[in-house]
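> My questions are about this predicted structure, shown below with the sequence.
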Amino acid sequence: MTHSFVVNVPDAELEPEPLDPEQIVSGTPEVTGKVVWESADGRQLRGIWQITPGVVTDTEADELFVVVSGSATIEVEDGPTVTVGPGDMAVLRAGDRTRWTVHETLRKAYAITL
């Protein structure tokens, strides 16, 4: 996109983003998402991401996100454990190894730098 734009995050249609089975610790979480903007060099992404209840692991990129709905507890290896819900803004550092316990389907708007 070359122009400014608006996206209604709660109602945005998302596409399936299959999880690597090795990331799933428990439950049957499903991930959907949509990139709404990407820089020309592909290093910056803006989008929407959603995950259903379950427990998953991840290695993070440099990310700022705001939770729109749902809740999760995020354990950062050798770092804090935080619980996020609607209206919360969180920052994850590149390389953070995390464990997400999703209590209710979580939807977030994010800005990632690779």
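Good, I have the coordinates. Numbering: from 1, shown residues only.

> Centroid-nearest residue for the chain?
For the chain, residue 49 is the residue whose C-alpha lies nearest the centre (Cα atoms, centre = their mean; 4.9 Å).

> what helix or strand does the closest residue to it other than its chain neighbours sit in?
Closest residue to residue 49 apart from its sequence neighbours, by Cβ to Cβ, 6 or more residues apart in numbering: residue 33 at 4.3 Å. No exception for glycine: its C-beta is placed from N, CA and C like everyone else's. Using DSSP states H and E, residue 33 sits in strand 31-38.

> so where is this structure shaky, pLDDT-wise?
Applying pLDDT under 70 to the chain picks out residues 1-2.

> ok now do the residue lying closest to residue 106 once chain neighbours are set aside, which residues does it touch?
Nearest residue to residue 106 in three dimensions, chain neighbours excluded: residue 70, at 3.4 Å (Cβ to Cβ, 6+ apart). Neighbouring residues of residue 70 by Cβ atoms under 8 Å, 6 or more residues apart in numbering: 50, 85, 86, 102, 103, 104, 105, 106, 107.
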